[in-house]
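Undergrad: Requesting a structural model of the entry that follows:
(chains A and B)
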Amino acid sequence: AQSVTQLGSHVSVSEGALVLLRCNYSSSVPPYLFWYVQYPNQGLQLLLKYTTGATLVKGINGFEAEFKKSETSFHLTKPSAHMSDAAEYFCAVRGSGGGADGLTFGKGTHLIIQP
Amino acid sequence: SQTIHQWPATLVQPVGSPLSLECTVEGTSNPNLYWYRQAAGRGLQLLFYSVGIGQISSEVPQNLSASRPQDRQFILSSKKLLLSDSGFYLCAWSVSVGQPQHFGDGTRLSIL
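TA: Model (predicted):
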């Protein structure tokens, strides 16, 4: 079974500062990892994904994440925060062992951008 | 390009009333389809998934059911709603196993 832990239900950063949202996972098979963003009263939008290959993956809106197998982590970063980045962010994992089961999500991190 | 539609966007229902939420996908064939629920202050919980017409898998026991009458249509239903059924319901699709899931805009369901 898979699980996802997102450290910090709320993260506050100043505009222009580094954004770091933490995600740790557990998986019994090599994982596929995803970050999604959710704006109020909307669905989830895929930011980036890791399946295989390069461990540093770049996504939309200037975000990137690095898969670290030894640390079972997939932290999301952005060098300089914008006000428009304020939203809820979800880390998700699915096993790559087959089956059509859905994603396992973390509980989300609310990103607050201070002007 | 592929699109996913959910309706209604918001719904207010009395306890004990029936429910039907609809989701359709356009621009792709034989997608995997999913229903999630997002309760206040929580993450997303997978409710059902489907790999084909008439094939439904349930992840958690509950007061809800799902059906897939057509290839790109996924319906979430209940015969009698409970207060605990309140939440934000999201439909999603993916091309195949291991591929990213793409989400609809959700339905906010309030039970009175």
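Undergrad: give me every residue that touches residue 50.
TA: All of this is about chain A. By C-beta atoms under 8 Å, 6 or more residues apart in numbering or on different chains, the contact list for residue A:50 reads A:31-34, A:57, A:65, A:67, A:74. Every residue, glycine included, has its C-beta placed from N, CA and C.
Undergrad: wait, I meant chain B there
TA: Residues near residue B:50 by C-beta under 8 Å, 6+ apart: A:100, B:32-34, B:56-57, B:66, B:68, B:74.
Undergrad: Filter the residues you listed down to the ones in strands?
TA: B:32-34, B:56-57, B:66, B:68, B:74 (DSSP state E).
Undergrad: Out of the contacts of residue A:50, which are close to chain B?
TA: Near chain B, judged by C-beta under 8 Å from any C-beta of the partner chain, the entries from the contacts of residue A:50 are A:32, A:34.
Undergrad: got JSON lines for the contacts of residue A:50, with neighbour count and pLDDT too?
TA: Formatted as JSON lines, these follow (neighbours: other C-beta atoms under 10 Å in any protein chain shown; pLDDT from 0 to 100):
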{"residue": "A:31", "neighbour count": "23", "pLDDT": "85"}
{"residue": "A:32", "neighbour count": "22", "pLDDT": "89"}
{"residue": "A:33", "neighbour count": "22", "pLDDT": "93"}
{"residue": "A:34", "neighbour count": "27", "pLDDT": "94"}
{"residue": "A:57", "neighbour count": "20", "pLDDT": "96"}
{"residue": "A:65", "neighbour count": "26", "pLDDT": "98"}
{"residue": "A:67", "neighbour count": "21", "pLDDT": "95"}
{"residue": "A:74", "neighbour count": "28", "pLDDT": "97"}
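Undergrad: how about the contacts of residue A:50 in TSV, adding distance to residue B:15 and secondary structure?
TA: Listed next are the contacts of residue A:50 as TSV, based on distance: C-beta to C-beta, whole Å; DSSP: H, G, I helix; E, B strand; the rest coil:
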residue	distance to residue B:15	secondary structure
A:31	40	strand
A:32	39	strand
A:33	39	strand
A:34	36	strand
A:57	45	strand
A:65	42	strand
A:67	45	strand
A:74	41	strand
